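**Student:** Sequence and predicted structure, then a few things I'm wondering about:
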Amino acid sequence: MIRERKIGRSEANNTRLDAFVNRRGTRGRAFFASLALSVVCAACQTATSSDEPVAIKLRGLDGSTSITMNVNTTLALKVSALDANGSTVAAGTYVFVSRNSAVVGVDSLGVITARSAGASYVVARLSTGGRELSDSLKVTVGVPASDSNDLR
């Protein structure tokens, strides 16, 4: 008596795959070995791409998202590049720009100088992987109380 048995889809695919490899011999085995290697390499690239920055964060040294300072004072800013998981990663060179340089100046290291009373935004930019990432920080500049009395 001959027994018939149903085979599942994956078993049928394996049977077809074995038949393909057997017909092709060494070339068939080499093809599937290279296919498996390319799948593994694609997985590796996905894993290492998390080291690439996807965002930057510009803050005061105390972690603040906005700063109030007096005229003729300076303050260093802190900028961090973040990966897809929110972890800090190494990045290239940042470019800092003040949207109103009459109120706040900024140098290439992210040190801001309060020049006159008013408000401005300082923007940090990072070009990486063909993308430009940026973040901004509001800076409000006031006149110290002793100087405001001299203006009367």
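**Tutor:** Ah, there it is. No experiment lies behind these values; they were computed from the predicted model shown.
**Student:** pLDDT on stretch 89-97, on average?
**Tutor:** Averaged over stretch 89-97, pLDDT sits at 93.
**Student:** again but with stretch 68-82, I slipped
**Tutor:** 96.
**Student:** Spit out the contact partners of Ile112.
**Tutor:** Contact analysis of Ile112 by C-beta atoms under 8 Å, 6 or more residues apart in numbering lists Ile67, Met69, Thr74, Leu75, Ala76, Leu77, Ser98, Val104, Gly105, Val106, Val122, Val139. From N, CA and C alone the C-beta is placed, and that goes for glycine too.
**Student:** Where does the fourth one fall, secondary structure wise?
**Tutor:** If I follow you right, that is Leu75. strand 74-82 (DSSP states H and E).
**Student:** List the strands paired with that strand, with their directions.
**Tutor:** Strand pairing for strand 74-82, using DSSP bridges, gives strand 55-60 (antiparallel), strand 88-89 (antiparallel), strand 111-114 (antiparallel).
**Student:** CSV please, covering these and showing distance to Thr128.
**Tutor:** Below are those laid out as CSV (distance: least, C-beta to C-beta, whole Å):
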stretch, distance to Thr128
strand 55-60, 9
strand 88-89, 10
strand 111-114, 23
